[in-house]
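Engineer: Here is my input, please return the structure:
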Amino acid sequence: MCRLLGVVMHAPRPLTDALSGLLEPFTALSHEHADGWGVAARRNHELVVARGTEPAHASPGYRAALAGPADAALLHLRLASPDSPIRPENTHPFTAGVLAFAHNGFFTPGDALDDLIAPELLAGASGDTDSERFFLRVLTRLRSGERDPADAIARTAAEIRVRAAFASFNCLLLTEDALYAYTEEDPESEVSRRRGPDFFRMYYRTGASGTVVASSGIGAGPDWQVLPPRAVLEIRRYHRRISVHTVVDDPAIAITARENSSVTTDVGEDRAIR
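Structural biologist: This next block holds a predicted model:
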């Protein structure tokens, strides 16, 4: 399994500064989640991505990727599934144009979505992970006219749920406009039973400089809120708005995220998230 950390800030700053107090505990998790790292950061209109197959705590490239100014980013620490090779093509985040995606969990069989992925996207897959297939199905939906990334993530999770066994669909999607986080686990999966009820939990908190969302391991405490299961957290880059979209059953399309169930929060002046 893997660990996730995402942040949206109101002014560009180095991630080492913006994530002060969080970055070192997160990086320390790479002693276990040691099969690679990835950072995707938005710098103005550019998506800058860096990845490596070594543990983050021992990687100069990881530290370098955190040094540049950014106003939004996602970080991923990989713990590979036993049958998944450790190579650059399988390292998160997966990217397409302005989008970056990282996943914590697995589903099997890994090709459960292949017939739902646009053939040109499937042919262009860089690796062989189920996580990349998750992203490619979300991307297929977005390129087929589905306009809301929250819907695309939630509906893809619903499709996997009926086609495959899974541990978790926890993921982050970074777009030009927002960072999205989704959480869902199967509490009866072997991983959940072995790791306990907190392992796949995701948390978020808002400070004066922005909002951060994180996997368990660093995201806990009185100033953190739990992201509810089957909910999509949307953190806008430009409007200082944080929305939690509930995911509801729909007989026609199985599941969707509804904008009218959002909770919005405005935050103020810039300072480090602590």
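
Engineer: Please point out which parts of the longest strand along the chain sit buried.
Structural biologist: Across the chain, the longest stretch assigned as strand under DSSP state E is strand 3-14. For strand 3-14, burial by neighbour count (16 or more other CB atoms under 10 Å) applies to 3-10, 13. Bear in mind the C-beta positions are built from the backbone N, C-alpha and C, glycine included.

Engineer: wait, which of the residues you listed is closest to residue 115?
Structural biologist: When those are ranked by distance to residue 115 (CB to CB), residue 4 comes first, at 27.9 Å.

Engineer: ok, how many other residues are close to the closest residue in space to that closest one that isn't next to it in sequence?
Structural biologist: Nearest residue to residue 4, sequence neighbours excluded (CB to CB, 6 or more residues apart in numbering): residue 215, at 4.7 Å. Other residues near residue 215 come to 28 when the count uses other CB atoms under 10 Å.

Engineer: Surely residue 215 touches residue 25?
Structural biologist: No - counting by CB atoms under 8 Å, no contact exists between residue 215 and residue 25, whose distance comes to 11.3 Å.

Engineer: Got phi/psi on the closest residue in space to residue 149 that isn't next to it in sequence?
Structural biologist: Of all residues not flanking residue 149 in the chain, residue 180 sits nearest, at 5.3 Å (CB to CB, 6+ apart). Recorded main-chain torsions at residue 180 are phi -110, psi 140, according to degrees, to the nearest 10.

Engineer: okay but residue 180 is in contact with residue 173, surely?
Structural biologist: Yes - because the distance of 4.4 Å satisfies CB under 8 Å, residue 180 is recorded as touching residue 173.

Engineer: Overlap of the contact sets of the two?
Structural biologist: Common neighbours of residue 180 and residue 173 (criterion: CB atoms under 8 Å, 6 or more residues apart in numbering): 149, 153.

Engineer: Can you pull the phi and psi angles for residue 52?
Structural biologist: Backbone phi and psi, for residue 52 under degrees, to the nearest 10, turn out to be phi -150, psi 160.

Engineer: Determine the number of other residues adjacent to the residue nearest to residue 149.
Structural biologist: Summarising burial for residue 180: neighbours were counted as other CB under 10 Å, giving 28.

Engineer: And residue 196, by the same measure?
Structural biologist: Other residues lying near residue 196 total 11 when counted by other CB under 10 Å.

Engineer: From residue 47, how far off is residue 143?
Structural biologist: According to CB to CB, to the nearest Å, residue 143 and residue 47 sit 17 Å apart.

Engineer: err, residue 166, not the other one
Structural biologist: As for residue 166, its distance to residue 47 is 28 Å (criterion: CB to CB).

Engineer: Please apply the same query to residue 27.
Structural biologist: Residue 27 sits at a distance of 22 Å from residue 47 (criterion: CB to CB).

Engineer: okay, these two: which has more neighbours?
Structural biologist: Remark: of residue 27 and residue 47, residue 27 carries more neighbours, 24 against 21, as counted by other CB under 10 Å.

Engineer: my read is the more buried one is in a helix, agree?
Structural biologist: Yes - the secondary structure assignment for residue 27 places it in a helix, going by DSSP: H, G, I helix; E, B strand; the rest coil.

Engineer: Hmm, it is touching residue 58, no?
Structural biologist: No - when contacts are counted by CB under 8 Å, residue 27 is not listed as touching residue 58 (9.9 Å).

Engineer: Low-confidence regions, this protein specifically.
Structural biologist: Scanning the chain with the threshold set as pLDDT under 70 gives 219-220, 249-274.

Engineer: which residues sit in contact with the residue nearest the centre of it?
Structural biologist: Ranked by distance to the mean C-alpha position of the chain (CA atoms, centre = their mean), the top residue is residue 172 at 1.7 Å. The neighbours of residue 172, taking CB under 8 Å, 6+ apart as the test, are 4, 6, 74, 76, 93, 101-102, 179-181, 213.

Engineer: Also residue 169?
Structural biologist: With CB under 8 Å, 6+ apart as the criterion, the residues that contact residue 169 are 103, 105, 107, 134, 157, 160, 182-185.

Engineer: quick one, strands of the stretch 51-200 of the chain?
Structural biologist: Ranges of strands in the stretch 51-200 of the chain, per DSSP state E, counting those that start in this stretch, are 69-77, 94-96, 99-104, 107-108, 165-166, 170-174, 178-183.
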